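S.K.: Could you look at this predicted model? Sequence included:
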Amino acid sequence: MTTHSAVRRRRAVAAAGAVSAGLLVLSACDKPTPMATLTVGSSSVSSEATCYNAGAAVKTNELAGCLKDTGVETISVDPDETVRIGVDPEIADKGWTILMNGQPLTDSSTKTYRTIPGSVFFNAQYGAQGDSTLVSVQEGEQDVTGVWSFTLKKDA
C-alpha cells in the first residue's frame, strides 16, 4: 500500500520528467527567424522570413524566387486606411526596405516601423496591377540577408 506522500512524489518526478523532455524538444528546434508584421486598422498579420540565411547574404539566384513567393500571409486593405509595417529590432538594426512587387518602394530605414497610405499599394503609378499586391520587407541593402512577404488584397 502506497502512502499519499509517495504518490505525490511520483507525480512530481513525472511532471519534472515531462518538463525536461519538453525543454529537450524545444532546444532541438531551429531558432525562429525575426518577425515582420503588417497592420491595417485592427487587423494584423505576422510572418517569419520567406527567405533567411541567419545573417549571411541570401544568394542572388535565390532572391528572385523569394520575391515571387505566393504562399504568404494575406491581409485586406481599404485604400483609405494606413498600412503599418513593423519589424523586429534585429531587422531594423541591419536596415530594411519595403518592396512592392519586387521593386523598392521606400529607402532603407533603421526604424522598427513605417506607415504608408493603403492607396499606394493599388496605384498603377507605383507599379500596382489589379486588386492584389505583393509587399516584401527586405533586410539589408548591398547584401540582402532576409525577405518577409505579404499579399495585400484590395478591400472594396
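M.R.: Received the coordinates, thanks. Residues are numbered from 1 along each chain as shown.

S.K.: Residues in a beta bridge with the residue positioned nearest the centre of the chain, which ones?
M.R.: Geometric centre of the chain, nearest residue: residue 47, 2.8 Å, by Cα atoms, centre = their mean. Note on residue 47: beta-bridge partners residue 36, judged by DSSP bridges.

S.K.: residue contacts, it?
M.R.: Going by Cβ atoms under 8 Å, 6 or more residues apart in numbering, residue 47 touches 35, 36, 37, 72, 73, 148, 149, 150. Glycine gets a C-beta too; all of them are placed from N, C-alpha and C.

S.K.: For the first one, grab the count of nearby residues.
M.R.: What that stands for is residue 35. Residues lying near residue 35 (other Cβ atoms under 10 Å) number 16.

S.K.: Please apply the same query to the fifth one.
M.R.: Residue 73 has 17 neighbours, counted by other Cβ under 10 Å.

S.K.: In contact with the nearest residue to residue 95 once chain neighbours are set aside, which residues?
M.R.: Once flanking residues are discounted, residue 95 sits nearest to residue 108: 4.3 Å by Cβ to Cβ, 6 or more residues apart in numbering. By Cβ under 8 Å, 6+ apart, residue 108 lies in contact with 95, 96, 97, 141.

S.K.: With that, I have no additional questions.
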